[in-house]
Every structure is written in C-alpha cells, then in structure tokens.
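Enquirer: Fold the following for me, if possible:
(2 chains)
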Amino acid sequence: MNKENKKVHTPLFTTFKRFDMPKWQGILIRVGAIAISIIISLIIAMIVCQGKPIDIAKFFFEGATIRPWKLFLDAAILLGFGMAILPAFKMRYWNMGANGQVLVGSLVSIIIMFYLKDFGMKSGFNNFLLLVFMFAGSLLASIIWAVIPAIFKTFFGTNETLFTLMMNYIASALVAYVNYVLAKGAKESPGVINMDTQTGWLHSPINEYFIPIVVIILVAVFIHIYMTKTKHGYEAIVLGDSINTARYVGMNTKKIMIRTLILSGAICGIIGFLFTSVINHSINTTTCGSLGFTAVLIAWLSNFNPLIMALVSFALAFLTLGTSKITASYQLGSNNLSSVIIGLIFFSILISEFFIRYKVKINIKRKEKEEPQKVEKVEPQEIETVKEEVK
Amino acid sequence: MEEKRIVIELKNISKSFKGIQANKNINLKLYEGEILSILGENGSGKTTLMNMLSGIYQPEEGEIFINGELANIHSPKDSFDYGIGMVHQHFKLVDVFSAYENIVLGIKGNIRNAYGEIQNICDKYGFELDLKKRIHEMSVSEKQTVEIVKVLYRNAKILILDEPTAVLTPQEIDKLFNVMRKMREDNKSIIIITHKLNEVMAISDRVSILRKGEYITSLNTKDTNPKELTEYMVGKKVDLKLERLRIQATAPTLEIRGLHVLKDDKTVAIDDLDFYLRGGQILGVAGIAGCGQKEMCEAIVGLRNYEGSITHFGKSIKGYSPEKIKEIGISMSFIPEDRLGLGLAPNLSITDNLLLKTYRQNKGPFVDRKSARDYANDLIERYGVVTPSTETPVKNLSGGNIQKILVGREIGLKPNVIITAYPVRGLDINSSYMIYDILNEEKAKNTAILFIGEDLDVLMTFCDKIMVLCHGKNMGIVHTKNTNKEEIGLMMTGAKNLTEEKPGKFGIAEDSNLSSKEWEELKKEDVTPNE
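Expert: Take a look at the predicted model:
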C-alpha cells in the first residue's frame, strides 16, 4: 500500500503495561506520591485555616495521638471492614454491602439488648448469656444479609454490586424504623440503650476499646491464614480468577460462593456486635458512615495484602483524627477539610499506582501524520483536501 | 465470467498476529453478481481476510481494489461507504431493541420512511421478518435475517457472510440460499465463508480455497467436485516424523452408547453417539469446530447432563460428580481458543495451578503447597518448562510452556483415560512434538486416549483410529491405516456418512464389558437424566 496515503491514527498518549519495575522503585513512587499529597494538603489547610504551618502540623499530630486507644480503634474498625470484604473480593464478588451487613448485625443485637434487658443483670452469668444472644443474633443477621445477594447471583445471575448496594439502603431504613419504635415515637433516636443498668454492655480490661482491637486483629490473622493457606481460600481465589477453570477441575462453584459470603457476613456480624456491645451501645442510620466503601479502597490500594491493609487503615485513622483536630481548633465548623485531604491522598496513591503499572509514551513527534485530536479542529475545506490526498 | 466487472480485487494481502501468519500473499477477485465461496479448514485465515475487507483489521501488506480503485479501509464505516456489508458469525445486535430499531441504528439522516423501505427490501428478496419483534425473542435464523436486511438497507452491494449456515437447520439453509440467489439476480456480489462442501456446490458460482493462511486456488464450481476441493483444502500429505506406537490394545476402558448432549442454548450438540476407548490406543476425533466436541468432553467428565450410557471398565459412571470421575482415573484437558480459560487459572502461580486437581487429596483444612512446589520443580525439569520460578503466574509463560503444565498436571494424576482436546493448539512444531511424545509415553502405559484435534495430518499419523463428527453425529470410525485424508475430509463436511452405509458397525465393541442385555438395562435407567 502506498505509505503516504496511509492514514495512521496516532493517539496523543500510548500506555504500555510494564513488568520490569523493581520493587524499591515502586515503593519510592508510592512514598513520593503520599509526600507530595501531604504537602499539598498542608498548603490547603494553611489557606483554609489562615494559620501557621507549624501550628497546623502541631494540631494535626496532637489530634491524632492524644487518644491512642481511639486511634487504634478507628484503624481496627477500618481493617475489620476490609477483612469482611476481602474474601469476596478475592473471588471477584464485588460486595459493596459491608455497611448494610454490619448495620443489620448491630441492629439485631440492639433489639436483643433492649428487649432482654431485664433478663441480663449488670454483671454475672446472665449478662454473659445476654451477650452471647446478642452475638449470635448479630452474626446470623449479617450472614443472612450477605448471603441473600449471593444466592441470587449464583442461581439467577443477578449483579451483586447493585444488589448489595440496595441491601445497604434497606438496612438503613430498617434501622430508622426500629429506632422510631424503640424511642416510642418520641424522638428520632432512643439514644444509648440501657444507659442506667449497662446490661448487654461488654466491658474490656485495660481499656474500653481493648476487646474490639484484639478481636479485629485476630480476625485479620484468621482471614490471612484462611485465604493463603486453606483449601477454602484457595478455592475462592481460583473461582475469582477463572470460573470455568474452577468448574472444569470439579469445584462446586455455587457452594464456594455462598460459603465465602457466609464468612464475609460473619465478620460483619462480629463488627456489628462490637458496635453495639462495646463502642456505641446505640444505633443510627449513619453508624457505619462510609466505612464499607472506604474499606473497598483500602483493600484495592493494599493489593489485598492484610498487613498493608492494616498499615493503610492506621494511616487513614491517623489522618482523620488529625484533620478533625485542625477543624476543631480553627473552628471551621464542618469536617470537610478532612474529606478533602483524605481524598487528595487517595487520589495521589491511585495515580501513582497507574504509573507503577503502566508506562506512558507521549506521541508528539508524529506531527506530520494526522492526529485524531487535530481532526476535530480542522476546517471543512481542509478535510476535503485530506480526502483527496487519500484518494 | 470475462464479461463481468470485478468489484473487489485483493492483491498480495498479508496479515500476522503476534508473529503467527494468518494471511500470506492472498490474491482474490470478486465479480459483480456472483456468489463466491471461500473454503478452508479452521485457522486457514478465512475470517481474518474478510475482517480486513470489513475494516476490523488492516492488512500489513498488499492492496485492496474496489471497483478498480485502490481502497483504504480503516474502519467498518469506511467499509460501509464502499458498499461492503458483513454478517458476522457472532451477531452484533442489541437484544432489547426490535428488528426495525436494530436496522436503523446508527443511521444519520431521515429515517421517516425507513419502515416502509425496509419492508420493501424484505418483500423484494423474500425475507420473512417481523420488524417489530425484539431480538431476544428471535430464533438464530431470524437474527441472521435482521443482520442481512441491516446491510442491505445500508445499500451494500457486496455482502460477506461468515459461516452463515453453521447455526441454521437444513430448511433454514434452503431459505437462505433462495434469498442469496435473489440477491445475485439483483446484481449483488456475495462472499460466503464455509467449510461445508455440499453448500459450496449448491450455492456458489466460484470457490476460492485457503489453506494455513495461504491462497491455494480459485475454481469455477461447475468445473470441480467435492473430492478435488477436499484435496485443495487439506493439502497433500505432509511428512510428519510422528510415530504411531504399535501396542496391543486392551479390552475397552471407556464405552459410550447412545450419547445425547445439549449445548447451553438447548440445541443438540451430540446426537446418538456410540464409541469406545481401549487402553494403549489413541482414538482421534476429527470434526469442524463446534460440532459437539466440547460438549462431549464435558459430558464424559460429569460437567454436563446427558442421556445415554457411559461405562468405565463396565461400570456406569452416570451421575458421578466431576470429583468422583477424576478419582476413578478419567482426566480431561481442554485447550480453548484463548488457551487459558479452561483448566488453568491465569493469575495463579505454577504451583497453585498444579494443585488444582490434587489439593483435596491431603487431609485437614490446609492446602499442601510444599509438596506441590516439589512437584512443580520436578515437572519443570522433566518437561523443560521455561519459567523464572515455580511461583510465576502461568499467564506470564509462553503458550507451549502453559500447555506443558496443563498436560503434565493431567498425566501426573496417573489416569487410565486421557481426554485431550487441542493439546497443541497454537504451539510451534517442537513444543507440539513434546506433547505428542508425552501422550505416546502414556499410551505405552496402556492408557486409553481420546485425542480431539484440528490438524488432519497429525490425526492421520498419530492416532490408531479416527472418529469423525459432523453436527454432533458420528460419521464413522476408521482405522487410520485404512483411510486417507480425502475420506476424512468428506466425512467432516457431512458429504460421506459411513454409519449410514454400514449401520450398526461403528462404535460398538465386540468384546464389550457388558452384555447387550446389561446395556439394555442401563438404557432403561436413563429415562430421567440426572440433575
């Protein structure tokens, strides 16, 4: 073919997948990205707060570290949410419903706590029994909430992303309704349940947050072993990688999917129970905030590695507490600064991931050949001449 | 033909994908008002060539002339502008739209009169089509009609039909051919891609033959015959240094009678199939792609429901789980077009992939990766797999190495029946021979082997017997030493059916493990297929 006449569509950027990047270089890029985003965050904070950078930094670290137990608790809860979605995500089952799953778990244990408060005394065996009931109820409710979309996916091929998202809304509507009933319509929320008797409250040794932190660390260790060492975890990973291969080697794909979602739901149930019995003793529609979605980001950013997930969770909790202190100190009134900064940091990490995985080549040299973005600007007459040339 | 105008002329067209030559120096002419068949085996480059005409691919070398002018086809739209319309093998329609909506989809300008115009086209060529019907409610044949009307409505002068008959019933094929003849009368040019000889003979004016990406020749249909075409299509015997081991075969290991299997879309995949496998014998399966091979394999290893009986050493294995079938020593490896999708998990390491079939064997909840890693090292060494380590994801390996791992894993299970489909698909000669050697070693151990292949030369030299499938039906089972490629080719295309010539002779072992009475009893149990 006549080379001159050949129309070559050269896009401005071409991306290639890269395989050759050494590990240290990848880490360096990530660290650099975070450093840059922190500097930008600091500048934004300075502008917004009209304060000295040294003060802002001081408030930031003070806010993050003044209550270390709270810091560890926040990190642990984030990690817990991450662990809840991890097995499903490894199976390429996009569970967006961790929020709803935790919420129903917490809700059921709230109901048990409320209606059985006379059964359980403040301490002693009966209170322990009540806690067991609450735990079992939470576990069961969360598992049911997680398994419903899985059943629909395995048997009817529904899309799990939308389904689990919808289940979140249902869960939060249920919470609103139960709160209305428990408060006997007087207020929007019944507030803290069993404030006076503290029945159904789980008291931790050392610190009030000790038990949740330890439990979630144990959960994380368990999930790590489950996914990397056990046959069940192996099956889930194979299923995620290639469902046809799983079928061809004789795996029961339906069973594996539902079993994995039971595990996901169970972890949500544990978190829900901790919310009710230790952390909040109350429930409202925003109890989970957007933790379920943040956990998705954490899991992705950490490449599903539990240890990195723990570090990222910790960093995120640190950031959140630090920025809320800045917000409070400068009386900004809302917590939006924190959202902006966290968003910035996530954004820069995502961009760095792109550059770690792909090499970008900019095609500027081929000016003489037609470029698609140029065509848009070409005048009609010019297009005519181009066509003639082609012929 | 001389008086006719040339509408398309291809000169020295070449195209390769990742170093594999799909088309090499192809020259082709299409005249106005003719039906040209393009004939060739699987992978002979027919579809690639047509995709260059329809703007999906661009040729690397060579020129395309349309109506005598050098044409630049860079996109399907360019192709439309030249009056070329292609009906792909896989329809490109919007399921929830009606036929009418699909036909006018993407047309710029006035479509106010479109409904009537489309109706006129249908009447003119004799299409039976309800324009208001939605695609998802349509049969395959109706969908195809929509595709054809779609290109006609866009004023296509040249139609390319990619294996249009593969999905149709004989009656629907007749209807399609009638429509095609009407279009020819209307001075349209049609290219039909097919590998069925009887259709070539029935519909086309001329036929062009491709083999392994190369253009062989063009013939006038009336001057040729199926035998000649088959010779051109499969080529002369290639001298392969493949060895056919001579081993005393054992009594039947696997016997299959009256097998009926459905495809996913509930159409018939395998129709009343009888055959058996003996230890120490390789039974080749020849047949064009998609004539039931995959469904047959899946039925045998318990992945698909079926009617009929399958016995293993005289014991019915119907209703066994895939796990159980694996345990009794039946192994299946199926290399699909993408090479990875069935049997291997691309992102997992070699070790993890080797574990796929054995991870359940050890006791306890944990996967035993340590011994798997030793096994991986052993396999890498034995078969010369080129890999940085045992923990490399298999997708990063080359095709040959991937297949060695798959075949090696299956053989590591020490099966007594190996079912292997396209084990050398996409491999170079050396890697292919490696796989053949491995299979021959297994044959020497008295393993029964079912070898589903694409290359007739290989089947002829490598297998002891060949079973030929055409549309899920057994066309006959022949000893390779008593047959030739032409005969196999005729059977593959359905032009020759030995089972009709000599009924009851094929696929029933004389020294069956079961008496005919026992077979009858098995048959009775079949009334309700297992879930």
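
Enquirer: Help me confirm that A:Leu261 is found in a helix?
Expert: Yes: per DSSP: H, G, I helix; E, B strand; the rest coil, A:Leu261 lies within a helix segment.

Enquirer: Was I right to think it contacts A:Ala146?
Expert: Yes: using C-beta atoms under 8 Å, A:Leu261 is in contact with A:Ala146, at 4.8 Å. For every residue, glycine as well, the C-beta is placed using N, CA and C.

Enquirer: list the residues that contact both of those two?
Expert: Common neighbours of A:Leu261 and A:Ala146 (criterion: C-beta atoms under 8 Å, 6 or more residues apart in numbering or on different chains): A:Asn95.

Enquirer: centroid residue for chain A?
Expert: Of all residues in chain A, the one closest to the mean position by C-alpha atoms, centre = their mean is A:Ala295, 1.4 Å from it.

Enquirer: I'd like the secondary structure assignment at that one, please.
Expert: Of the three states, A:Ala295 takes helix under three-state DSSP.

Enquirer: ok, and the closest non-adjacent residue to B:Pro97?
Expert: Actually, residue B:97 is Phe rather than Pro. Leaving aside its sequence neighbours, B:Phe97 sits nearest to B:Ile135 (C-beta to C-beta, 6 or more residues apart in numbering or on different chains; 6.3 Å).

Enquirer: Just give the nearest non-adjacent residue to B:Val200, would you?
Expert: For B:Val200, the spatially nearest residue (C-beta to C-beta, 6+ apart) is B:Ser37, at 4.4 Å.

Enquirer: circling back: contacting residues for the residue nearest to B:Phe97?
Expert: For B:Ile135, the contact set (C-beta under 8 Å, 6+ apart) comprises B:Leu93, B:Val94, B:Asp95, B:Val96, B:Phe97, B:Ser98, B:Ala99, B:Asn102, B:Lys143, B:Val146.

Enquirer: Point out where chain A drops to low pLDDT.
Expert: Scanning chain A for pLDDT under 70 picks out A:1-20, A:120-123, A:185-189, A:363-391.

Enquirer: coming back round to it: in this structure the residue nearest to the centre of chain A contacts A:Ala88, no?
Expert: No: counting by C-beta under 8 Å, A:Ala295 sits too far from A:Ala88 to count as a contact (11.4 Å).

Enquirer: ok, back up a step: the residue nearest to the centre of chain A and A:Val312, how far apart?
Expert: 10 Å (C-beta to C-beta, to the nearest Å).

Enquirer: that older thread, may I have the residues that are in contact with the residue nearest to the centre of chain A?
Expert: Applying C-beta under 8 Å, 6+ apart, we find A:Ala295 in contact with A:Leu78, A:Phe81, A:Gly82, A:Ala84, A:Ile85, A:Ala98.

Enquirer: Near the closest residue to it other than its chain neighbours, how many other residues are there?
Expert: Nearest non-adjacent residue to A:Ala295, counting by C-beta to C-beta, 6+ apart: A:Phe81, 3.6 Å away. Number of residues near A:Phe81 (other C-beta atoms under 10 Å in any protein chain shown) recorded here: 29.

Enquirer: could you dump the helix or strand A:Phe81 falls within to PDB, C-alpha only?
Expert: Secondary structure assignment for A:Phe81, by DSSP states H and E: helix A:68-90. The C-alpha coordinates for helix A:68-90 follow below in PDB (Å, rounded to 0.1, in the frame of the first residue of the first chain):
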ATOM      1  CA  PRO A  68      -4.000   6.500  71.100                       C
ATOM      2  CA  TRP A  69      -6.700   3.900  72.000                       C
ATOM      3  CA  LYS A  70      -9.200   5.800  69.900                       C
ATOM      4  CA  LEU A  71      -6.700   5.900  67.100                       C
ATOM      5  CA  PHE A  72      -6.100   2.200  67.200                       C
ATOM      6  CA  LEU A  73      -9.800   1.500  67.500                       C
ATOM      7  CA  ASP A  74     -10.600   3.600  64.400                       C
ATOM      8  CA  ALA A  75      -7.800   1.800  62.500                       C
ATOM      9  CA  ALA A  76      -9.000  -1.600  63.700                       C
ATOM     10  CA  ILE A  77     -12.600  -0.900  62.600                       C
ATOM     11  CA  LEU A  78     -11.500   0.100  59.100                       C
ATOM     12  CA  LEU A  79      -9.300  -3.000  59.000                       C
ATOM     13  CA  GLY A  80     -12.300  -5.100  60.100                       C
ATOM     14  CA  PHE A  81     -14.400  -3.800  57.300                       C
ATOM     15  CA  GLY A  82     -11.600  -4.500  54.900                       C
ATOM     16  CA  MET A  83     -11.300  -8.100  56.200                       C
ATOM     17  CA  ALA A  84     -15.100  -8.500  55.700                       C
ATOM     18  CA  ILE A  85     -14.900  -7.700  52.000                       C
ATOM     19  CA  LEU A  86     -11.600  -9.300  51.300                       C
ATOM     20  CA  PRO A  87     -12.600 -13.000  50.800                       C
ATOM     21  CA  ALA A  88     -15.500 -11.900  48.500                       C
ATOM     22  CA  PHE A  89     -13.300  -9.500  46.500                       C
ATOM     23  CA  LYS A  90     -10.600 -12.200  46.100                       C
END
